[in-house]
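Trainee: give the three-dimensional model of this entry:
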Amino acid sequence: MCVGIPMQVVVPGDFIASCRGRNGEEQVNMALVGPQPTGTWVLSFLGSAREILTEENARNINKALDAIEEIMTGTENIDVDQYFPDLVSAREPNA
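Mentor: Residues are numbered from 1 along each chain as shown. Alright, predicted model coming up:
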């Protein structure tokens, strides 16, 4: 399974950009999204940017990845709702 990681452009380049994300800095191939200015968020799959993200989308994806990490560590009594505020607020009230 391939998981997309939000990365923020730190040093732009035509084909490769230095980006920072949850696992530190790495070189990201920008061929599919084109050159992006410093501060742009991209969704990186295996070192290649596939999509431009808003800051809010990057934050929500990182929260979802945080939830997955918590679940994988076996932490008990996880309040999963705290990791998905965008989905919780979109729920319809119980009838």
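Trainee: show me what contacts residue 50?
Mentor: Residues near residue 50 by CB atoms under 8 Å, 6 or more residues apart in numbering: 4, 32, 33, 42, 43, 44. Placement of C-beta: from N, CA and C, glycine included.
Trainee: which of the residues you listed are buried?
Mentor: 4, 33, 42, 43, 44 (16 or more other CB atoms under 10 Å).
Trainee: what sits up against the particular helix or strand that has residue 58 in it?
Mentor: If you go by DSSP states H and E, residue 58 is part of helix 55-72. Outside helix 55-72, the residues within contact range by CB under 8 Å, 6+ apart are 3-6, 8, 22, 41, 43, 53, 78, 80, 83-86.
Trainee: how about it: buried residues?
Mentor: In helix 55-72, counting by 16+ other CB under 10 Å, buried: 58, 60, 61, 64, 65, 67.
Trainee: could I get the residues you listed in a markdown table, plus columns for distance to residue 16 and pLDDT?
Mentor: Putting these into a markdown table (distance: CB to CB, whole Å; pLDDT from 0 to 100) gives the following:
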| residue | distance to residue 16 | pLDDT |
| --- | --- | --- |
| 58 | 20 | 97 |
| 60 | 27 | 92 |
| 61 | 22 | 94 |
| 64 | 27 | 90 |
| 65 | 24 | 92 |
| 67 | 31 | 87 |
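Trainee: and which of these is nearest to residue 13?
Mentor: Closest approach between those and residue 13, by CB to CB: residue 58, at 19.8 Å.
Trainee: ok, so what distance separates the closest one from residue 15?
Mentor: 22 Å (CB to CB, to the nearest Å).
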